[in-house]
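[1] Here you go, sequence then predicted model.
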Amino acid sequence: PRVAVIVVAAGSGQRLGAPVPKAFVGLDAHTILRHALRNVFAAPLAQVVVVAPEDRVGDALTDAHAVAGERHDLVTVVAGGATRQASVAAGLAAVWSDVDLVLVHDAARALTPPAVFERVISALEGGRAAVLPVVPVVDTIKRIDADAVVEAVDRSVLAAAQTPQGFSRRVLDAAYADASADHTDDAALVQAAGVPVDTVAGDERAFKITTAADLDRARALLRSAAE
Ligand code: C5P
């Protein structure tokens with residue numbers, strides 16, 4: 001089957017407090033987006049669609065071509081929307097007609113190991129319609145009401161959702177065509193459309209760079225890998 005990966009990189013990164021959109025913040029000599037794309041290109045792909053802020057399409061193309069090398073023909077860059085879901089929809093509209101499987105990945109999960117992509121793709125190849133990488137929840141989670149704790153939630157029945165999330169192209173197209181509410185990830189949107197979602201093991205290193213502390217952690221991981 002032919003696989004496309006949509007890399008969403010059109011967020012502003014307000015919680016990071018950087019002067020440039022998050023995907024264009026440097027981790028070392030290279031941006032978050034470029035690191036994310038390195039791990040994406042380790043998989044055997046038919047197409048990579050990068051969704052960038054409207055005024056950063058050129059910068060995204062530069063990063064993508066630097067990583068793609070001879071495979072630059074596989075790269076498509078489009079402008080994103082106001083929400084993550086709108087950005088994925090823009091990416092999906094640019095997926096080639098001969099693609100069978102679509103993975104959606106957050107650029108902000110820049111250090112996601114290639115093995116996570118492999119697990120998601122092989123579950124799809126095994127016939128799953130929707131595949132979500134998850135990791136156990138390590139914190140004790142509370143349900144709250146304003147300042148008061150209502151109850152502790154049993155964390156053994158919880159998992160934290162990561163990306164890349166993988167889908168049969170037909171399933172993802174149909175879910176997006178019918179989408180009404182805004183969802184924070186694609187698995188939630190597909191599940192709301194009545195499609196069962198299966199899990200595979202995620203990876204601690206697939207954490208989403210959201211805050212300044214996450215950025216420090218990503219930079220430290222890269223420094224220790226370089227030593
Ligand atoms: O904001 P957050 O980090 O949770 O966003 C997850 C991913 O979705 C990021 O890679 C971000 O660039 C992307 N995104 C997007 N378009 C938006 C909002 C977020 O592509 N409007």
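    Received the coordinates, thanks.

[2] Could you point out the longest helix of this protein?
    For the chain, the helix with the greatest residue count under DSSP state H is helix 212-226.

[3] And the contacts of it?
    16-18, 25, 27-28, 32, 35, 110-111, 205, 207-209 (C-beta atoms under 8 Å, 6 or more residues apart in numbering). The way it works is simple: take the backbone N, C-alpha and C, and place the C-beta from them, glycine included.

[4] nearest to Val137, of those?
    Phe207 (13.0 Å; C-beta to C-beta).

[5] what's the closest one in contact with, if anything?
    Arg109, Leu111, Gln162, Asp214, Arg217.

[6] what's the spacing between the second one and Gly17?
    Pointing back at Leu111 there. With distances taken as C-beta to C-beta, to the nearest Å, Leu111 is found 20 Å from Gly17.

[7] out of the contacts of helix 212-226, which is most surrounded?
    Ala110 (30 neighbours; other C-beta atoms under 10 Å).

[8] Am I right that that one is in contact with Gly26?
    No. Using C-beta atoms under 8 Å, Ala110 is not in contact with Gly26, being 11.1 Å away.

[9] Determine the residues that are contacts of both of the two.
    Common contact partners of Ala110 and Gly26 (C-beta under 8 Å, 6+ apart): Ile32.

[10] thinking Val131 is in contact with Val195, fair?
    No. When contacts are counted by C-beta under 8 Å, Val131 is not listed as touching Val195 (11.0 Å).

[11] Thr76 is in what secondary structure piece?
    Using DSSP states H and E, Thr76 sits in strand 75-79.

[12] Give me the helices and strands touching that strand, please.
    With contacts taken as 3 or more C-beta pairs under 8 Å, 6 or more residues apart in numbering; DSSP states H and E, strand 75-79 sits against strand 47-52, helix 57-68, helix 84-92.

[13] related to what we said a few turns ago, run through the contacts of helix 212-226 and flag the ones next to the ligand.
    Under the cut-off given by C-beta under 6 Å from any ligand atom, the ligand has Lys208 from the contacts of helix 212-226 close to it.

[14] farthest-separated two in the contacts of helix 212-226?
    The widest separation within the contacts of helix 212-226 (C-beta to C-beta) is 23.1 Å, between Gly17 and Arg205.

[15] show me the contacts for the residue of the chain most remote from its centre.
    Distance from the centre of the chain peaks at Ala148, with 33.5 Å (C-alpha atoms, centre = their mean). Counting by C-beta under 8 Å, 6+ apart, Ala148 makes contact with nothing.

[16] For it, give its distance to Lys142.
    Ala148 is 10 Å from Lys142, by C-beta to C-beta.

[17] What parts of this protein come near the ligand?
    8-11, 22-23, 51, 80-84, 87, 106-108, 208, 210.

[18] Repeat the analysis, applying 5 Å as the threshold.
    Counting by C-beta under 5 Å from any ligand atom, the residues of the chain lying close to the ligand are Val8, Ala9, Ala10, Gly11, Gly80, Arg84, Ser87, Asp106, Ala107, Ala108.
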